[in-house]
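whatever this is, show me its structure:
(one chain, ligands or ions: 2)
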Amino acid sequence: MVATGGLGAGKTALLTTTRELAARRGCTVLAARGSYLERELPFGLVSRLFVCVRPGEEVQHLPRIAAALGQSDTLAEPGPVTLPELPVLHRALARMAAERPVAIVVDDAQWADQPSLQWLSTLPHRIEHLPVFALAGSGAGEGCKMNREIADALFVQLRTVEIHLTKVYRKLGIDGRDQLAPALRLVG
Ligand SMILES: Nc1ncnc2c1ncn2[C@@H]1O[C@H](COP(=O)(O)OP(=O)(O)OP(=O)(O)O)[C@@H](O)[C@H]1O
Ligand SMILES: [Mg+2]
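Numbering: from 1, shown residues only. Ligands and ions are numbered 1, 2, ... in the order given. Next up is the predicted model:
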């Protein structure tokens, strides 16, 4: 299930309540958020979702999954998700779901890395027989109107606006636009 909406629509609030309800009802909750600064890191989101999950032996032959699940220090190669990578993650999820229902809650999915998103999008077909519930919140992404409007107003490329925004986020120690307003309030 995907909850979409503009800035401040209430996506994070909905996801937080969902996490609390799921935990209260005895589900294993896997929660993570997409990170603007890590959006190029393959399986970055999966690694944050599966942070407490013990991978099976099989990951040794899949360097990107091994890296994502903390089993290797090698840098994950970029590129779309490959066919053998999918079942390993599905099996890890199935092992968890055999013990207790699992709730997967992903915030800011617009900043999730591509392989993680591809894996998430396969879930409805692969795990329909399992007690797994997945909810993602997704806001405006990189090509959102605001960035474009800024670029047009300043007669600069969209990429230039994005590069400057990334620098601002880094200086403020934040991951994305949703954290901008509170961070700016803090610095006055
Ligand atoms: N149902 C609600 N009733 C009252 N206030 C709400 C409700 N949902 C969210 N809010 C408030 O609205 C504000 C924005 O909510 P939230 O951060 O969940 O939005 P968001 O869609 O995640 O925003 P962003 O696009 O910036 O990530 C917050 O201050 C939150 O407490
Ligand atoms: Mg939010």
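
distance check, the most far-flung residue of the chain relative to its centre against residue 24.
Largest separation from the mean C-alpha position in the chain: residue 155, at 32.1 Å (CA atoms, centre = their mean). Distance from residue 155 to residue 24, counting by CB to CB, to the nearest Å: 53 Å. Placement of C-beta: from N, CA and C, glycine included.

how about the residues of this protein by ligand 1?
Residues of the chain lying close to ligand 1 (CB under 6 Å from any ligand atom) are 5, 7-13, 139, 178.

between these, which is nearest residue 75?
residue 178 (27.9 Å; CB to CB).

so who does the most centrally placed residue in the chain touch?
Closest to where the C-alpha atoms of the chain average out (CA atoms, centre = their mean) is residue 34, at 3.4 Å. Counting by CB atoms under 8 Å, 6 or more residues apart in numbering, residue 34 touches 45, 106-113, 176.

for residue 89, same thing?
46, 50, 65, 119.

give me the buried positions along the helix or strand hosting it.
Residue 89 is part of helix 85-99, with elements assigned from DSSP states H and E. When burial is assessed from 16 or more other CB atoms under 10 Å, helix 85-99 yields the following buried residues: 85-86, 88-90, 92-94, 96-97.

and for stretch 123-136?
123, 126-127, 130, 132-136.

ditto for stretch 64-83
64-69, 71-72, 76, 81.

other residues contacting that stretch?
By CB under 8 Å, 6+ apart, stretch 64-83 touches 40-44, 46-47, 50-51, 53, 55, 59-60, 63, 85, 88-89, 92, 114-115, 118-119.

cool, stretch 122-129 as well?
With CB under 8 Å, 6+ apart as the criterion, stretch 122-129 contacts 86, 90, 93-94, 97, 104, 132, 134.

rerun at 7 Å
With CB atoms under 7 Å, 6 or more residues apart in numbering as the test, stretch 122-129 has contacts from 86, 90, 93, 134.

residues contacting the second one?
Spelled out, that is residue 90. 126-127.

that one and residue 21, how far apart?
Applying CB to CB to residue 90 and residue 21 gives a distance of 25 Å.

mind putting the buried residues of helix 85-99 into TSV with pLDDT and distance to ligand 2?
Output for these, formatted as TSV (pLDDT from 0 to 100; distance: CB to the ion, whole Å):
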residue	pLDDT	distance to ligand 2
85	85	28
86	87	28
88	86	30
89	87	25
90	88	28
92	87	27
93	90	25
94	90	30
96	91	26
97	93	27
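
greatest separation within these: which pair is it?
Pairwise distances across these peak at 19.0 Å for 85 and 97 (criterion: CB to CB).

sounds good, over and out.
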